[in-house]
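Colleague: Here's my sequence, what's the structure:
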Amino acid sequence: MDIVIILIKVVLALVWFLVLTLYLTWLERKESAVIQDRVGANRASIFGIRIIGLFQPFADAIKMIFKEDFVPAFSRKFLHTLAPFLSFFFVAICISAMPFGDDIRVGSRTISLQIFDANVGLLFVLAMLSLGIYGIILSGWASNNRYSLLGGIRGAAQLISYEVALGLSLVGLIMVYPSLKLSEIVQSQGGLLFGVLPKWGVFLQPLGFVIFLFAALAETKRVPFDLPEGESEIIGFFTEYGGLKWGLFMMTDFMEIIIVSTLLATLFFGGWQVPWLGADGFHFPWGGSWLLARWLVIALQVLAFNVKVFFFCWLQILIRWTYPRLRYDQLMDMGWKLLVPLSLVNIVATGLLLMLIK
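Modeller: Got it, this is the predicted structure:
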């Protein structure tokens, strides 16, 4: 039965992850159309049913599957084929550590709404995201194209640089919530500050949140941090890719948006926690309660997690279509000269505050 439950959770999580990835491609096209005063994707239909282009992601997926799989004769063919699958795998596996909701009881069995609740879940996610570098650098090198190689080197340098700030920004959070287990970090955010504010990471670590947000945006390799692709400069680590392999790289970009959004929601915005909602219903700080059935509480918590994730997905797409690209020197200066020092300041300030409180 335990194996069956795990398999069901894996299937549900992957379906949620991949369907949301597909529809983020539609959301980006519609959001950019609104910004640029266009209509956007609205043509794809099924059996004559056309709903503001909602079937467009499936049309794009079918097109990618049936497009020619072109591999340059001068490329290193095995590594050229392996690279997009590496990028896809290391991002996809991160969803296994994300807590979607509180534990539920079915009879005498307690079921966690999380596939993989490891004691070092946060480190696991960061490690998997870091390994995605191999897909980027391999794609550039295996293409045997100097422009692709330059894009791969840019990508590796950018990701390594911003992973330093990304990791340091979370040290203060771990000091406040002393655990690397994502489920425990979410549970720790269930209390109240001053009896009113939810005890979310964004209120206890505002500077850490800002640093993490910028570093995570750089990790997604999208505007204004899209130096590894550099389309206007004809530089990109997947220049020599087409068809489904190119589609895997594009899917990986959107999957990274979702993983970043889940991390922001989990670490800084309470994850599935809803302000003033306990296991038996709402308990308001100004007095009074609103009792709810347990299944309804669980549904509200899962819905709250999804709303937070959707909001940060929308925000990242908005940023991508609002700001121009940074120069490469500006990109590196921001990482090493701004975010890393601010991360160290945040760690020292958090330590001093914790010492004063104790």
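Colleague: And stretch 59-73, what's buried?
Modeller: 60-61, 64, 71-72 (16 or more other CB atoms under 10 Å). Where you see a C-beta, it was placed from the backbone N, CA and C, and this is true even at glycine.
Colleague: Do a quick rundown of the helices in the stretch 51-200 of the chain.
Modeller: 56-66, 77-92, 121-142, 146-169, 171-176, 182-188 (DSSP state H, counting those that start in this stretch).
Colleague: Indicate which one of those is closest to residue 330.
Modeller: Nearest to residue 330 among these is helix 146-169 (11.8 Å), distances taken as CB to CB.
Colleague: now that closest one: mean pLDDT?
Modeller: Averaging pLDDT along helix 146-169 yields 92.
Colleague: So which elements touch it?
Modeller: helix 121-142, helix 206-219, helix 328-333, helix 340-357 (3 or more CB pairs under 8 Å, 6 or more residues apart in numbering; DSSP states H and E).
Colleague: so can I have a markdown table of these showing distance to residue 98, mean pLDDT and mean neighbour count?
Modeller: Output for the helices and strands packed on helix 146-169, formatted as a markdown table (distance: least, CB to CB, whole Å; pLDDT from 0 to 100; neighbours: other CB atoms under 10 Å):
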| stretch | distance to residue 98 | mean pLDDT | mean neighbour count |
| --- | --- | --- | --- |
| helix 121-142 | 8 | 94 | 21 |
| helix 206-219 | 15 | 96 | 22 |
| helix 328-333 | 28 | 92 | 14 |
| helix 340-357 | 24 | 96 | 14 |
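Colleague: nearest to residue 164, of those?
Modeller: Residue 164 lies closest to helix 340-357 among the helices and strands packed on helix 146-169, at 5.8 Å (CB to CB).
Colleague: now for the closest one, which elements pack on it?
Modeller: Here helix 340-357 touches helix 146-169, helix 171-176, helix 206-219, going by 3+ CB pairs under 8 Å, 6+ apart.
Colleague: before we move on, back to that, redo the helices of the stretch 51-200 of the chain as TSV? Include distance to residue 235.
Modeller: Below are these laid out as TSV (distance: least, CB to CB, whole Å):
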stretch	distance to residue 235
helix 56-66	23
helix 77-92	17
helix 121-142	10
helix 146-169	5
helix 171-176	34
helix 182-188	36
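Colleague: So for residue 212, which of those sits nearest?
Modeller: Nearest of the helices of the stretch 51-200 of the chain (CB to CB): helix 146-169, 4.2 Å.
Colleague: can I assume residue 290 sits in a helix?
Modeller: No: according to DSSP: H, G, I helix; E, B strand; the rest coil, residue 290 belongs to no helix; its state is strand.
Colleague: hey, what's it bridged with?
Modeller: Legend: beta-bridge partners of residue 290 under DSSP bridges are residue 282.
Colleague: so it sits right up against residue 281, yeah?
Modeller: Yes: Residue 290 is in contact with residue 281 according to CB atoms under 8 Å; the separation is 5.2 Å.
Colleague: give me every residue that touches residue 289.
Modeller: Residues in contact with residue 289, defined by CB atoms under 8 Å, 6 or more residues apart in numbering, are 281-283.
Colleague: From residue 90, how far out is residue 7?
Modeller: Using CB to CB, to the nearest Å, residue 7 is found at 22 Å from residue 90.
Colleague: Neighbour count: these two, which is higher?
Modeller: Between residue 7 and residue 90, counted using other CB atoms under 10 Å, residue 90 has the larger neighbour count: 20 against 11.
Colleague: Chain neighbours aside, what residue packs nearest to residue 38?
Modeller: Spatially, and ignoring its direct neighbours in sequence, residue 38 is nearest to residue 32 (7.8 Å; CB to CB, 6 or more residues apart in numbering).
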